[in-house]
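Novice: Using only what follows, build the 3D model:
(one chain, ligands or ions: 1)
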Amino acid sequence: MRAWCALLFCACGPIAGDVRTEALVRGADGVHRVEEVTLHRVKSLATLEGERMTFAAGAELKIEFDLSRGCALNGLDCDAKVSELRAVVIGERRTSVRPRFALNGGVYRPLDFDTLNLVTAYRSIDEAQEFFAALAVDPSATAGPAPVYYYPNADSLEKFNLSATDNAAYFQLVDGFLVLPMEHLEKVPFSMNKGVVFHEYFHRVFALRVFGERALRAFLAADLPGFQSILRLRAVNEGLADFFGAIGADDPDFIAASLSQRVADTRNPAFTHTMDADWLDASGPVSGDQYDPYPPGSCFASFMWQAQASVGRDPTIAAWFAADQAIAAKVETRLRDVTFPFVVNAIVLGFAGGDRAAVCGIAKNVFSVFESELSACP
Ligand SMILES: [Zn+2]
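Specialist: Here you go, the predicted structure:
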């Protein structure tokens, strides 16, 4: 019988490079199972640190201002550098995570749920980084890796309508990912659903390419029309994140593994969703008493999914990463003009002329409510 060896007691130096371990993996039949996998680019298995990734445990995140009140009412100097504003309003403390493995047959097998969760998340984040790096848009290349806060002390998150449990999220204000404990949902945890991880990773790509360091200032300084644009960009962000989530999972129904089929269907990019006139000024849709970005977002996901089916995945992805720079420029110069027609026209202009007619046919269906404003379409 092979001897078991608890990792932390091995006198074998840091375990690094390609490491054989186990993770939760979605099979071709759609069922998630624990399977042997290889983790790449590991710097230290003992803290699950990667070449481009760090996990942090027990972090305390303190967000010391109220976004709805602007900088002056929060007692801040509105003209200060963004990095100074950030230092004033955001604090954190953190330590390393401590995964537990047993070495058996050359495979480091997770000994508890948290370790399996961390390893599975590591693998999906690494794949997302590879995916976006191949497109030359991985923000880690310039901004460095974002920390992954595992089960942070998250009381302050409720201020931002971020749940303190049952979630995995990119949190722009701290430029980090949050993995929160699952307490109510009983399906695949978000952090173990590769489509959800790609979705969240895209949020970082979007945040840094569209807003960058402008984000905090834009949020603090936005007047009402500017704030409506910020809400519309949330919707676009969610829709594109679902589009890239579906690509990462290789499954447009990836949300169903973690949430109800009913909710998953409302966001499935393979279904046709159409824009409602009431959503254009961002006064709706509303869920509870909060803006709900997902219904308008699903129109963008649906548009992108149909476009890739029509003209191919590569030109569709390229069109978005041209459009996002046009959007970023508009955020900088005149935030209030970032309307849904502006965004759709920017995406259409990202396609080569030959593909544009096919893409416009899709746009005129999904966004028929403002068809007359699709100036990029012939
Ligand atoms: Zn999202």
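Novice: so residue 60 sits in a strand?
Specialist: Yes: according to DSSP: H, G, I helix; E, B strand; the rest coil, the state of residue 60 is that of a strand.
Novice: which residues does it form a beta bridge with?
Specialist: Partner residues in beta bridges with residue 60, using DSSP bridges, are residue 93, residue 153.
Novice: in stretch 108-116, what's buried?
Specialist: 108, 109, 110, 114, 115, 116 (16 or more other C-beta atoms under 10 Å). In this view, the C-beta of every residue, glycine as well, is placed from N, C-alpha and C.
Novice: mind exporting it as CSV, just the C-alpha atoms?
Specialist: Included here for stretch 108-116 are C-alpha records, laid out as CSV according to Å, rounded to 0.1, in the frame of the first residue of the first chain:
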residue,chain,number,x,y,z
TYR,A,108,-1.8,16.0,-4.4
ARG,A,109,-5.3,15.2,-3.3
PRO,A,110,-7.3,17.9,-1.6
LEU,A,111,-8.2,16.9,2.0
ASP,A,112,-11.1,19.2,2.5
PHE,A,113,-13.8,21.1,0.6
ASP,A,114,-11.9,24.5,0.9
THR,A,115,-8.8,23.0,-0.8
LEU,A,116,-10.9,21.5,-3.6
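Novice: mind showing which ranges of the protein have poor pLDDT?
Specialist: By pLDDT under 70, the low-scoring segments of the chain are 1-13, 63-74, 76-92, 154-162, 213-221.
Novice: Give me the distance between the closest residue to the ion within the stretch 1-150 of the chain and residue 197.
Specialist: The ion sits closest to residue 128 of the stretch 1-150 of the chain, with a gap of 13.5 Å, by C-beta to the ion. Computed with C-beta to C-beta, to the nearest Å, the distance linking residue 128 and residue 197 is 6 Å.
Novice: repeat for residue 111
Specialist: For residue 111, the distance to residue 197 under the criterion C-beta to C-beta works out to 23 Å.
Novice: Same question for residue 44.
Specialist: Plainly put, residue 44 is 21 Å away from residue 197 if you go by C-beta to C-beta.
Novice: more neighbours, these two?
Specialist: Legend: neighbour count by other C-beta atoms under 10 Å for residue 44 and residue 197, higher for residue 197 (27 against 12).
Novice: helix or strand for that one, which one?
Specialist: When secondary structure is defined by DSSP states H and E, residue 197 falls within helix 194-206.
Novice: okay, now residue 223: neighbour count?
Specialist: 10.
Novice: what do you get for residue 372?
Specialist: Under the neighbour criterion other C-beta under 10 Å, residue 372 is assigned a count of 9.
Novice: Okay, it and residue 365: tell me how far apart.
Specialist: Spatial separation of residue 372 from residue 365 under the definition C-beta to C-beta is 14 Å.
Novice: which residues are there in the stretch 151-300 of the chain that come within reach of the ion?
Specialist: By the rule C-beta under 5 Å from the ion, the part of the stretch 151-300 of the chain lying against the ion is 238, 241.
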